[in-house]
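Asker: Sequence and predicted structure below; questions after.
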Amino acid sequence: MYLKRITLEKDKNIDDRYPFSIPVIKRLEQLDITSNVTFFVGENGSGKSTLLEAIADKCGFNTAGGGRNNYFEVHEAQSALGDYITLSWMPKVTNGFFLRAETFHHFATHIDSLDGGDLSYGGKSLHHQSHGESFLSLFQHRFHQQAIYLLDEPEAALSPQRQLAFLRILDDLSANGDSQFIIATHSPILLGYPEATIFSFDDDHIQEVAYENTDHYQITRYFLEHRERFLREILKDE
């Protein structure tokens, strides 16, 4: 494990404008990372992706998606929080990747613009693979040991079966401690990875939660076990 701590620099001018209009970000002081695999969970707008993007910015990764050597621009891809946080490392690594599901198309176009870029991803352009295939191709061919990987909703392109395939890749890379993952996700499948730390961004503060206590697990389980009753409750006429 490499990244140990994320600290908000309180001595800098912090007001109520974005990103500090997000309660979780405004209240952030210090977040200790204790596992090779860490998940950020919470409703949209809770701040999990904002913090993940800021970490990517401080790592020197392209905040539009990619690593240190991937230069392309996407509108509104800059981090508003990166200048306000400090990362503590032991040891520091410079290898890694930031995945933004919403801008992956732009990353794929960037790779196609490089000479022989498609050869690094199974000999086939990422644009010539299905969305799910291209994500798995990225994980299989671009992710290696001794690196940190920051993934924002990787399940967006992955079927349940491919989410399980991704878990195997994640385990192969992180089990011996040579790679670290921080993942913002809504997937109850990914959250089930054993011995991962899960931080919830709901209720306006960050707190560690057990897998079984996440809304993702509880709602999914209740739906699967009581589907007809669940649907009657949410679909009934008011």
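Answerer: Here it is on my side, so go on.

Asker: For the nearest residue to residue 195 once chain neighbours are set aside, which three-state class applies?
Answerer: Leaving aside its chain neighbours, residue 195 sits nearest to residue 35 (6.6 Å; criterion: Cβ to Cβ, 6 or more residues apart in numbering). (C-beta placed from N, C-alpha, C; glycine too.) At residue 35, secondary structure determined by DSSP: H, G, I helix; E, B strand; the rest coil is coil.

Asker: So what's the residue count around residue 35?
Answerer: Using other Cβ atoms under 10 Å, residue 35 is surrounded by 16 other residues.

Asker: any idea how far it lies from residue 221?
Answerer: Residue 35 sits 23 Å away from residue 221, going by Cβ to Cβ, to the nearest Å.

Asker: Counting neighbours, which bits of the longest helix anywhere in the chain end up buried?
Answerer: With secondary structure taken from DSSP state H, the chain has its longest helix at helix 160-174. Neighbour-count burial for helix 160-174, with 16 or more other Cβ atoms under 10 Å as criterion, is recorded at 162-163, 165-167, 170, 173-174.

Asker: ditto for stretch 54-66
Answerer: Within stretch 54-66, the residues that count as buried by 16+ other Cβ under 10 Å are 54-59, 61-66.

Asker: now swap in stretch 198-216 and tell me
Answerer: Buried residues in stretch 198-216 (16+ other Cβ under 10 Å): 198-202, 206, 209, 211, 214, 216.

Asker: Let me know the closest of the residues you listed to residue 27.
Answerer: residue 206 (8.0 Å; Cβ to Cβ).

Asker: confidence score at that closest one?
Answerer: Looking at residue 206, its pLDDT is 97.

Asker: follow-up on the earlier one: which members of the buried residues of stretch 198-216 are positioned in strands?
Answerer: Judged by DSSP state E, those include 198-200, 209 as members of strands.

Asker: Save these as TSV, and put in pLDDT too.
Answerer: Shown next, in TSV, are those (pLDDT from 0 to 100):
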residue	pLDDT
198	98
199	98
200	98
209	98
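
Asker: Kindly indicate which of the residues you listed lies nearest residue 236.
Answerer: Comparing those against residue 236 with Cβ to Cβ places residue 200 closest, at 29.6 Å.

Asker: Correct me if wrong: that closest one contacts residue 216.
Answerer: No: counting by Cβ atoms under 8 Å, residue 200 sits too far from residue 216 to count as a contact (9.9 Å).

Asker: intersection of neighbour lists for these two?
Answerer: Shared contacts of residue 200 and residue 216 (Cβ atoms under 8 Å, 6 or more residues apart in numbering): residue 41.

Asker: ok, and the helix or strand in this structure with the lowest average confidence?
Answerer: Lowest on mean pLDDT, DSSP states H and E among the helices and strands of the chain sits helix 104-113, with a mean of 63.

Asker: Which helix or strand lies directly C-terminal to it?
Answerer: Going down the chain from helix 104-113, the next helix or strand is helix 131-142, by DSSP states H and E.

Asker: got the buried residues for that following helix?
Answerer: Within helix 131-142, the residues scored as buried using 16+ other Cβ under 10 Å are 131-139, 142.

Asker: picking up where we left off before, including pLDDT and distance to residue 158, could the buried residues of stretch 54-66 go into TSV?
Answerer: Formatted as TSV, the buried residues of stretch 54-66 follow (pLDDT from 0 to 100; distance: Cβ to Cβ, whole Å):
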residue	pLDDT	distance to residue 158
54	95	25
55	96	22
56	93	20
57	92	25
58	93	27
59	92	24
61	90	21
62	85	22
63	85	22
64	80	21
65	78	16
66	77	19
